[in-house]
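Q: model this:
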Amino acid sequence: MMEENKDSQDEVKDADQKHQRAQTLQKGSLEEAGKTFTQTGNLETHMRIHTGEKPHACLQCGKSFTATSSLKTHMRIHTGEKPHACLQCGKTFTQTGSLKTHMRIHTGEKPHVCLQCGKTFTDTSYLKSHMRIHTGEKPHVCLLCGKSFTDTSYLKTHMRIHTGEKPHACLQCGKTFTQTGHLKIHMRVHTGEKPHACLQCGKTFTVTSNLKTHMRIHTGEKPHACLQCGKTFTKTGHLKSHMRIHTGEKPHVCLQCGKTFAVLGNLKTHMRIHTGEKPHVCLQCGKSFTQTGNLKIHMRIHTGEKPHVCLQCGKTFTDTSSLKTHMRIHTGEKPHACLQCGKTFAVLGRLKTHMRIHTGEKPHVCLQCGKSFTDTSSLKTHMRIHWRETFRGSSVSFA
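A: Got it, this is the predicted structure:
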């Protein structure tokens, strides 16, 4: 009986000691952080935040945690288990907290507010990243080039520039992209979707940036200025191409003849000389052209339009080059010189014809007698001899 009483007293004593330890720990917690707990186990786990102790280690990757529950949640990364499912869209998550945050997409709830600009967010982490816009903080630095970012996800995407990794592939054509957003935009090439419409003319675009650039046609805005001549442009690409006029750079080379061009589009047009391709066809006479501009000028033959007027004599022309050549009659300018005899010409074609005097070339042949000439006008004059002979022959026969 005495032994039983002793055991009972020892149990009470142990309970008192445990209670005192809990009170001591709780008192310590209040002193350190002021946070309180209902159970000593929770307090002990909490204290590891202050001590840095992480006794629960992952056997697969070695990462350690303060609590077993955190380790259990972490293990789902390795197992792929996502037990928390969204009842609205079926998406699954490893943690209830992640599911709770996700549900705000459906409810529209954004409880985390930026005190500087009023923008709201579904998650505190998004608010934290957003705040760096105001503070200018960019704590995530690329170790290869030194560029810094507000968020780790931006750094991760940026790293693909250095690694060349493009994990997002188009299932239709196989083209790969660094970001899902870029893949989504690319898919519109296949679907034909153009969700961004111009409110002024109704033209639609696949991306907002193209719509923004297009709007400058209506507003007349040209924000990109050449620092050398002051000319302005709607796009940076146009400014970049223009700068080659000043630098003389012509990076686009024709692999067949070696001719170089400042703009890729000009090289593509030039290639049609070699391929013989003339995709722009006149619907009235069937004549085809390498460029739309040439077709447009040609159409004036049918319409009779001559919009380019000589200010000195009033003569009109279908294109600016013809007007420019005509103006040399008034100015007396003859910019095309023969390198052999020094004779000058207002028109390049006349110089080419003149050169046949030196080369002896006579490409224009009379089909009746075989005599050849340097130019068509000489052939035409010669043909009158045959026409007269034919006329005389017809007169004799008639008589």
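Q: Going by C-alpha atoms from here, please, whenever you check contacts or count neighbours.
A: Noted.
Q: Would you map the helices across the stretch 1-150 of the chain?
A: Using DSSP state H, counting those that start in this stretch, the helices of the stretch 1-150 of the chain run over 2-32, 40-51, 68-79, 96-107, 124-135.
Q: Can you check the pLDDT for Glu31?
A: We have a pLDDT of 43 for Glu31.
Q: before we move on, the earlier item: between the helices of the stretch 1-150 of the chain, which gets the lowest average pLDDT?
A: helix 2-32 - the lowest mean pLDDT of the helices of the stretch 1-150 of the chain, at a mean of 43.
Q: Just give the closest residue to Glu305, not the sequence neighbours.
A: Thr318 (6.5 Å; Cα to Cα, 6 or more residues apart in numbering).
Q: Dihedrals phi and psi, the one you found?
A: Here is the backbone geometry of Thr318 (degrees, to the nearest 10): phi -80, psi -30.
Q: check contacts around it.
A: 297, 300-301, 305-308 (Cα atoms under 8 Å, 6 or more residues apart in numbering).
Q: Quick check: it vs Thr344, distance?
A: According to Cα to Cα, to the nearest Å, Thr318 stands 26 Å off from Thr344.
Q: before we move on, what about Lys259?
A: Taking Cα to Cα, one finds Lys259 at 26 Å from Thr344.
Q: cool, and Val189?
A: From Val189 to Thr344 the distance is 54 Å (Cα to Cα).
Q: Compare the two and say which one has the larger neighbour count.
A: Set Val189 next to Thr344 and count neighbours by other Cα atoms under 10 Å: Thr344 wins out with 17 against 11.
Q: which helices and strands sit right next to the helix or strand where Arg388 lies?
A: For Arg388, the element it lies in under DSSP states H and E is helix 376-398. Packing partners of helix 376-398 (3 or more Cα pairs under 8 Å, 6 or more residues apart in numbering; DSSP states H and E): strand 364-365.
Q: Sheet-wise, list the partners of the following helix or strand past the strand it packs on with their directions.
A: Scanning forward in sequence from strand 364-365 by DSSP H and E, the next helix or strand is strand 372-373. Sheet pairing for strand 372-373, assigned by DSSP bridges, gives strand 364-365 (antiparallel).
Q: Mind listing residues that contact the partner strand?
A: Strand 364-365 has contacts (Cα under 8 Å, 6+ apart) with 371-376, 379.
Q: and what of stretch 134-143?
A: 116, 132, 147-152, 155, 159.
Q: now do the same end-to-end measure for that stretch.
A: 24 Å.
Q: Could you give me the buried positions within that stretch?
A: Neighbour counts over stretch 134-143 (16 or more other Cα atoms under 10 Å) mark His140 as buried.
Q: Centre of the chain to it, how far?
A: How far stretch 134-143 lies from its chain's middle: 25 Å, per Cα atoms, centre = their mean, to the nearest Å.
Q: One more: stretch 270-283?
A: Taking mean C-alpha positions (Cα atoms, centre = their mean), stretch 270-283 and its chain are 28 Å apart.
Q: what are the C-alpha coordinates of it, in CSV please?
A: The C-alpha coordinates for stretch 270-283 follow below in CSV (Å, rounded to 0.1, in the frame of the first residue of the first chain):
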residue,chain,number,x,y,z
HIS,A,270,15.9,40.9,-104.4
MET,A,271,16.0,37.1,-104.4
ARG,A,272,13.1,37.1,-106.8
ILE,A,273,15.5,38.3,-109.5
HIS,A,274,17.3,34.9,-109.1
THR,A,275,14.2,32.8,-108.6
GLY,A,276,12.1,34.6,-111.3
GLU,A,277,9.2,34.7,-108.8
LYS,A,278,6.7,37.5,-109.5
PRO,A,279,3.8,37.0,-107.0
HIS,A,280,2.0,40.3,-107.6
VAL,A,281,-0.3,40.0,-110.6
CYS,A,282,-2.2,42.7,-112.5
LEU,A,283,-5.9,41.6,-112.6
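Q: List the buried residues of it.
A: 270-271, 280.
Q: quick check: mean pLDDT across that stretch?
A: Throughout stretch 270-283, pLDDT has a mean value of 94.
Q: neighbouring contacts of it?
A: If you take Cα under 8 Å, 6+ apart as the criterion, stretch 270-283 is touched by 254, 256, 287-292, 295, 299.
Q: need the contact list for Phe93.
A: Contact partners of Phe93, counting by Cα under 8 Å, 6+ apart, are 82-85, 99.
Q: what about Ser69, distance to His56?
A: 10 Å.
Q: more neighbours, these two?
A: Counted by other Cα under 10 Å, Ser69 and His56 do not tie: His56 has more neighbours, with 17 against 11.
Q: Isn't the more buried one up against Gly62?
A: No: with contact defined as Cα atoms under 8 Å, His56 does not count as touching Gly62 (9.5 Å).
Q: so who does Ile77 touch?
A: Taking Cα under 8 Å, 6+ apart, we find Ile77 in contact with Thr94.
Q: so what pLDDT did Lys203 get?
A: Looking at Lys203, its pLDDT is 96.
Q: still on that earlier bit, as CSV, the contacts of strand 364-365 with pLDDT and distance to Leu323 would be great.
A: Conversion of those to CSV gives the following (pLDDT from 0 to 100; distance: Cα to Cα, whole Å):
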residue, pLDDT, distance to Leu323
Lys371, 94, 35
Ser372, 93, 32
Phe373, 91, 29
Thr374, 90, 26
Asp375, 90, 23
Thr376, 91, 23
Leu379, 92, 28
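Q: what about burial for the residues you listed, which qualify?
A: For the contacts of strand 364-365, a burial check counting by 16+ other Cα under 10 Å picks out 372-375, 379.
Q: ok, which pair from these is furthest apart?
A: Greatest spatial distance among the buried ones among the contacts of strand 364-365 (Cα to Cα): Ser372 and Asp375, at 9.0 Å.
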